[in-house]
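Student: My questions concern the predicted model and sequence given below.
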Amino acid sequence: MNTTLLLRRCFCCSSSSPLASSLKKKPLVFLGSPQVSTKVLDALFNASQSSNSSFEVAAIVTQPPSQKNRGRKVLPSAVAQYALDRGFSPNLIFTPERASEEWLLANLRELEPELCITAAYGNILSTKFLNIPKQGTVNIHPSLLPLYRGAAPVQRALQDGVNETGVSLAFTVRALDAGPVIASQRFRVDDNIKAPDLLDVLFDLGSKLLLHELPSILDGTARAKAQPQDDSKATLAPKIVQEESWLSFDQEATILHNKVRAFAGWPGTRAKFQVVDAENDQKNILDLKIITTKVSSNSGVQNAESDYAAFKNGALIITCAGGTVLEVLEVQKPGKQVVNAAAFWNGLRGQKLKACR
């Protein structure tokens, strides 16, 4: 956890002369944590270095270091590491447990930021925080607000099988993702895109949207044009929990395929199978992580009553509810590497694979 830090102002001029005052860049504070947030920070860093830029990144707020990877090493957030790699002062990277901590608020008041920008920060902002920046706080949210307000908008949209989503730039208020929308960008969703890839696309679009709207936000005119959200059309995107990762083949193949796409990365999707060795009369339960799937265009590839998986054209063929068929293209056994369906099938050595329902 950070303690109160001695701030170093990063303004390009410190003189009180009128000329120096006119050249002073407006300080922004960026809040973000995961890898996808670095797209936005990178765009801000690059734009701020332009000869005609009117702003600079004066400080960064991110999640505290945490244990990561198999070695369980304590490492900084992706945003903190990226900022350090770009040469940003470590004294201006704040890592509070909560954004309401008084030492953080005191440091931000000292900085007098013109604007705060959030992109997947992962922490609730208090009223005291929101009152600090002169032009408020804006958030890059990967959905077309008021749709999918909450912690997992991309995952929930994919789980629902939407064919269109987008990204919104909105002012932050105390209610969840409910502030006026400054601008939004629509995006057509491919049937096979996974959540991590869609997140990358939407935050890339969000970065461009932010830079386009930044002049109007900084001069205050964005407030007037921002559109209030229609709360009656709001939908929620609650945080995903580990227990949701299980697949049930008594659902239709499209539902399962959408869940595999939505939960890709974390927590992933899993299913239980029974490995049947008829020769030795042995049956073992296998917990298998389902990595990549597609919905078969050929229903009735196998008997709709069959619980046994087949193998055809490089895919495990599994009959689901309503006679629909799911093709499993990649899987991962516990403690093993991801393999394609052909390698997994060959490893069964003639044993049968029965889907547990």
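Tutor: Looks like it came in fine. Residues are numbered from 1 along each chain as shown.

Student: CA only for contacts and neighbour counts going forward, please
Tutor: OK.

Student: Can you list the strands that the longest strand seen in the chain pairs with?
Tutor: In the chain, assigned by DSSP state E, the strand with the most residues is strand 282-295. When sheet partners are counted by DSSP bridges, strand 282-295 sits next to strand 269-277 (antiparallel), strand 325-332 (antiparallel).

Student: So which of those is the most surrounded?
Tutor: strand 325-332 (a mean of 22; mean count of other C-alpha atoms under 10 Å).

Student: who does the helix or strand that comes right after that one touch, helix- and strand-wise?
Tutor: Elements were assigned by DSSP states H and E; along the chain past strand 325-332, the next helix or strand is strand 338-340. Packing partners of strand 338-340 (3 or more C-alpha pairs under 8 Å, 6 or more residues apart in numbering; DSSP states H and E): strand 325-332.

Student: any residues touching the strand it packs on, and which ones?
Tutor: Applying C-alpha atoms under 8 Å, 6 or more residues apart in numbering, the contact partners of strand 325-332 are 252-254, 256-257, 288-301, 314-320, 338-341, 344.

Student: host element of the nearest residue to residue 165 once chain neighbours are set aside?
Tutor: Excluding its sequence neighbours, the residue lying closest to residue 165 (C-alpha to C-alpha, 6 or more residues apart in numbering) is residue 187, at 5.4 Å. Under the criterion of DSSP H and E, residue 187 resides in strand 181-188.

Student: Contacts for that strand next, please.
Tutor: By C-alpha under 8 Å, 6+ apart, strand 181-188 touches 144-145, 163-171, 202, 205-206, 209, 213, 222-223, 225-229.

Student: and it, C-alpha only, in PDB?
Tutor: In PDB, the C-alpha atoms belonging to strand 181-188 read as follows (Å, rounded to 0.1, in the frame of the first residue of the first chain):
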ATOM      1  CA  VAL A 181     -23.000   9.700 -22.200                       C
ATOM      2  CA  ILE A 182     -20.600  11.900 -24.100                       C
ATOM      3  CA  ALA A 183     -20.200   9.700 -27.100                       C
ATOM      4  CA  SER A 184     -20.400   6.000 -28.200                       C
ATOM      5  CA  GLN A 185     -19.100   3.800 -30.900                       C
ATOM      6  CA  ARG A 186     -20.900   0.700 -32.200                       C
ATOM      7  CA  PHE A 187     -19.200  -2.600 -33.100                       C
ATOM      8  CA  ARG A 188     -20.500  -5.600 -35.000                       C
END
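
Student: thinking again about what came up before, heading C-terminal from the longest strand of the chain, find the next helix or strand.
Tutor: Counting by DSSP H and E, what follows strand 282-295 is strand 310-312.

Student: now that following strand: mean pLDDT?
Tutor: Model confidence over strand 310-312, given as mean pLDDT, is 94.

Student: In its sheet, which strands sit next to that strand, and in what direction?
Tutor: According to DSSP bridges, strand 310-312 has these partners: strand 315-319 (antiparallel).

Student: for the protein, longest helix please?
Tutor: helix 195-218 (DSSP state H).

Student: I'd like the average pLDDT over that one.
Tutor: Averaged across helix 195-218, the pLDDT comes to 98.

Student: so how far is it from its chain's centroid?
Tutor: The chain centroid and the centroid of helix 195-218 are separated by 13 Å under C-alpha atoms, centre = their mean, to the nearest Å.

Student: If you count contacts, what does that helix end up packed against?
Tutor: helix 37-48, strand 137-141, helix 153-159, strand 164-171, strand 181-188, helix 222-225.

Student: picking that back up, ok, and what's touching the longest strand of the chain?
Tutor: Contacts for strand 282-295 (C-alpha under 8 Å, 6+ apart): 192, 253-254, 257, 260-261, 264, 268-277, 325-334, 338.

Student: and if we set it to 6 Å?
Tutor: Outside strand 282-295, the residues that touch it by C-alpha atoms under 6 Å, 6 or more residues apart in numbering are 257, 269-276, 326-333.

Student: Convert the C-alpha atoms of that strand to CSV, please.
Tutor: Extracted C-alpha coordinates of strand 282-295, given in CSV (Å, rounded to 0.1, in the frame of the first residue of the first chain):
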residue,chain,number,x,y,z
GLN,A,282,-13.2,-49.1,-16.1
LYS,A,283,-14.9,-45.8,-15.9
ASN,A,284,-13.2,-42.6,-14.8
ILE,A,285,-14.5,-39.0,-14.5
LEU,A,286,-12.5,-36.4,-16.4
ASP,A,287,-12.8,-32.7,-15.6
LEU,A,288,-12.0,-31.1,-19.0
LYS,A,289,-11.6,-27.4,-19.7
ILE,A,290,-13.3,-26.4,-23.0
ILE,A,291,-11.2,-23.8,-24.8
THR,A,292,-12.7,-23.3,-28.3
THR,A,293,-16.0,-24.4,-29.8
LYS,A,294,-18.4,-23.8,-32.7
VAL,A,295,-22.0,-24.7,-33.3
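
Student: Lovely, talk soon.
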